[in-house]
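Visitor: Build me a model:
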Amino acid sequence: MSAKGNGPLWLISISIRNKEMLIRSAKPEDAARLLQIYKYYVDNTAISFDYEAPSVEEFRERIIQTLEKYPYFVVEDDGEIKGYTYAGVFKGRAAYDHCCEVTIYLDPDSKKKGYGRALYVALEDALGEKGISNLYSCIGVPIVEDEYLNRNSELFHEHMGYTKVGEFHRCGYKFGRWYNMIWMEKIIKI
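Guide: Numbers count the residues shown, from 1 in each chain. The predicted structure is shown next:
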């Protein structure tokens with residue numbers, strides 16, 4: 001890890017299933033590729049409740065703003081970004097500074113390859129070093145599974161040690177259907 005600007009830069013080489021991958025801090029110039037991944041979820045799923053994807057410039061600004069306070073990682077395999085994760089403000093009051101919301105997106109063709117686990121482990125390590133102990137994830141869940149949303153994200157988070165702590169009913173409307181939203185929590189240190 002080396003420091004630059006307001007936050008640390010990370011570069012981690014890991015091996016999963018005998019395959020080398022690289023986890024590194026996101027850079028503003030990654031915006032086009034990260035947006036390409038995100039746009040799939042906006043256009044084809046109810047995983048994101050956005051109706052339209054942001055512009056590349058807006059996405060670049062999101063990366064810059066996140067990196068001012070929180071880690072933002074990408075995973076590369078053979079030089080191609082396969083997914084990303086980042087942390088953000090849970091609530092905008094000083095008393096919540098030990099908490100954050102976490103988000104992860106993988107290239108739709110890159111699931112079940114260990115990228116998600118590797119990204120979240122790196123994110124948790126970085127957040128722990130910053131004194132953050134409570135991680136929260138806001139996840140869309142179907143009332144009835146359909147072609148736009150299943151429970152895979154919830155199950156992934158459970159597998160990563162998150163516990164469901166709340167559910168909001170019929171709060172997301174996309175593709176002419178209602179979806180629920182859950183909050184999941186993981187305490188990484190006390």
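
Visitor: Low-confidence stretches in this protein?
Guide: The chain contains residues with pLDDT under 70 at 1-19, 190.

Visitor: can you give me the helices for it?
Guide: 31-44, 56-67, 115-129, 152-159 (DSSP state H).

Visitor: deepest of those, which one?
Guide: Most buried of those by mean neighbour count (mean count of other C-beta atoms under 10 Å) is helix 115-129; its value is a mean of 20. (Each C-beta comes from the backbone N, C-alpha and C, glycine too.)

Visitor: tell me the contacts of the nearest residue to residue 170 once chain neighbours are set aside?
Guide: Once flanking residues are discounted, residue 170 sits nearest to residue 178: 4.2 Å by C-beta to C-beta, 6 or more residues apart in numbering. The neighbours of residue 178, taking C-beta atoms under 8 Å, 6 or more residues apart in numbering as the test, are 143, 170-172.

Visitor: Out of these, flag the one nearest to residue 47.
Guide: Of all those, residue 47 sits closest to residue 172, with 10.3 Å by C-beta to C-beta.

Visitor: In this structure that closest one contacts residue 149, no?
Guide: No: the pair residue 172 / residue 149 is not scored as a contact, 9.2 Å apart, by C-beta atoms under 8 Å.

Visitor: and for the two, which residues touch both?
Guide: 46, 140, 179.

Visitor: All set now, cheers.
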